[in-house]
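Engineer: whatever this is, show me its structure:
(4 chains)
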Number of protein chains: 2
Amino acid sequence: MSTSDIQGGYHHGDLKRALVEEALALLGEEGADGIGLRQLARRVGVSPAAPYRHFAGRQALLEAVAAEGFRRFAVLMDTARTGLPEDGQLVAMAQAYVQFALEQPSLFRLMFSRQVDKQGNVDLQAAAREAYASLATAAAREDEAAPAETAVITWSFVHGLAMLLLDDQILGVSPDNRDSLVRRLAGRFVAGIRAAVAHGV
Amino acid sequence: MSTSDIQGGYHHGDLKRALVEEALALLGEEGADGIGLRQLARRVGVSPAAPYRHFAGRQALLEAVAAEGFRRFAVLMDTARTGLPEDGQLVAMAQAYVQFALEQPSLFRLMFSRQVDKQGNVDLQAAAREAYASLATAAAREDEAAPAETAVITWSFVHGLAMLLLDDQILGVSPDNRDSLVRRLAGRFVAGIRAAVAHGV
DNA sequence: GCGCCGATGTTAACAGTGCTCACGGCAGAT
DNA sequence: ATCTGCCGTGAGCACTGTTAACATCGGCGC
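Structural biologist: Residues are numbered from 1 along each chain as shown, chains lettered A, B, ... in the order given. Prediction:
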């Protein structure tokens, strides 16, 4: 009786999970602002106060959703690189990073918004770190002299690119040429790193 | 009688500006979520419905605040590069970019949040573009073969770095070593571009 | 089998919010 | 002096997060 059992009764069965899932579904339709505890409770079919048995408040619920988002993000990033030669992993992961951001814009925004507090939520913090781990590792491999710095630079570039695309800030980008743009930019960026490493900066 | 005149009367004088300024002040204290039209009206000393004479709604008010943020951002970026040799401008602007984000975290977040819609607000869109202009120009100068791509890559890197620092996502960063870290990373990034350009990628 | 009890749900209520609408007062143009 | 339009007021609606007191269920000790 652990996950989604006989939910037809006074007790729901697995309300906590149901709330998070419903919130994720709702995030696909509207932004994080439109996601409220009462609306969520209504959708799941419980009273407005029921969620408070499982979450300290709205923020706690949002943090649980964000943590789940980071877990899915981590899986996606890891899937993107498996089976590829080492010198192609970075570009592939950059594409996956951007793809996730654009396919789940509201979730991605929530994950990096101020509505969730990574300092005060260990679970969330751990999920976030894990998501970056594979990207950082691949980036660090490019530059054995200064792995940490190269990792941060790469991560910054990819994250920023995702953000700017999400904001539709880059001119002349349409859904069709977007993938190729990301591939081109990421390739160019990686080439820059390799050139710098090769010629000793 | 254009700005802040005799405000002691039935009519306020320059309520629109007063609301935006109060909102900016409030942003320094709490996040954008804590900023409400009623609270704002209360602080300024008008009735709850008064703001609706100047803004279509809460979102419009937030967009005006964000636009003002972009204008200040643009000034800061431009100030940062003036008087410097061309080959040092990029790093200086990167520092200014990050500094702005860290000094006004709530405003910066608002500027790039979904709460403001850059597509549907021409004023806001223009202010945003202007803010990036000088950074993009300086970046484009580095690579005459592919100026646009290099500009986007640089912009992505700087924006991502600011975001990650804002999120306290980068390990081992404290207020004292932060500036030097940004300078080092930005310098390294620029060196990468130059190496790639010099050796033809 | 029985009663208790903690976990989990419900109902009612409070304060606060965005937003709308009908109204009222001020100021400059006619 | 009157008219007109801008700008602020007040009341009210529907909604939200959150809390407190109460109800119900399932499992545990007896």
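
Engineer: mind listing what residue A:35 touches?
Structural biologist: Applying Cβ atoms under 8 Å, 6 or more residues apart in numbering or on different chains, we find residue A:35 in contact with A:23, A:26-27, A:62. The C-beta positions use only the backbone N, C-alpha and C, and glycine is treated the same way.

Engineer: from those, which are also near DNA strand C?
Structural biologist: The residues of those that also fall near DNA strand C, by Cβ under 7 Å from any atom of the strand, amount to none at all.

Engineer: mind checking which of those land in helices?
Structural biologist: A:23, A:26-27, A:62 (DSSP state H).

Engineer: from these, which are also near chain B?
Structural biologist: Near chain B, judged by Cβ under 8 Å from any Cβ of the partner chain, there are no entries from the ones in helices among the contacts of residue A:35.

Engineer: tell me the two of the residues you listed that are most distant?
Structural biologist: Greatest spacing in those, by Cβ to Cβ: A:26 and A:62 (11.4 Å).

Engineer: which residues touch stretch A:122-131?
Structural biologist: A:63-64, A:66-68, A:70-71, A:73-74, A:77, A:111, A:116-119, B:169.

Engineer: likewise for stretch A:61-69?
Structural biologist: The contact list for stretch A:61-69 (Cβ under 8 Å, 6+ apart) reads A:19-20, A:23-24, A:27, A:32, A:35, A:37, A:40, A:51, A:55, A:104, A:107-108, A:110-111, A:115-117, A:121, A:123-124, A:127.

Engineer: of those residues, buried ones?
Structural biologist: Neighbour counting by 16 or more other Cβ atoms under 10 Å in any protein chain shown classes A:19-20, A:23-24, A:27, A:32, A:35, A:37, A:40, A:51, A:55, A:104, A:107-108, A:110-111, A:115-116, A:121, A:124, A:127 among these as buried.

Engineer: which ones among the contacts of stretch A:122-131 map onto helices?
Structural biologist: A:63-64, A:66-68, A:70-71, A:73-74, A:77, A:111.

Engineer: save the residues you listed as CSV, and put in pLDDT too.
Structural biologist: Formatted as CSV, these follow (pLDDT from 0 to 100):
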residue, pLDDT
A:63, 97
A:64, 97
A:66, 97
A:67, 97
A:68, 97
A:70, 97
A:71, 97
A:73, 98
A:74, 97
A:77, 96
A:111, 96
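
Engineer: what residues does the spatially closest residue to residue A:187 that is not a sequence neighbour make contact with?
Structural biologist: Distances taken as Cβ to Cβ, 6 or more residues apart in numbering or on different chains place residue A:91 nearest to residue A:187, at 5.6 Å, with adjacent residues excluded. Contact analysis of residue A:91 by Cβ under 8 Å, 6+ apart lists A:183, A:186-187, A:190.

Engineer: so which of those is the closest to residue B:146?
Structural biologist: Of the contacts of residue A:91, the one sitting nearest to residue B:146 (Cβ to Cβ) turns out to be residue A:187, at 11.7 Å.
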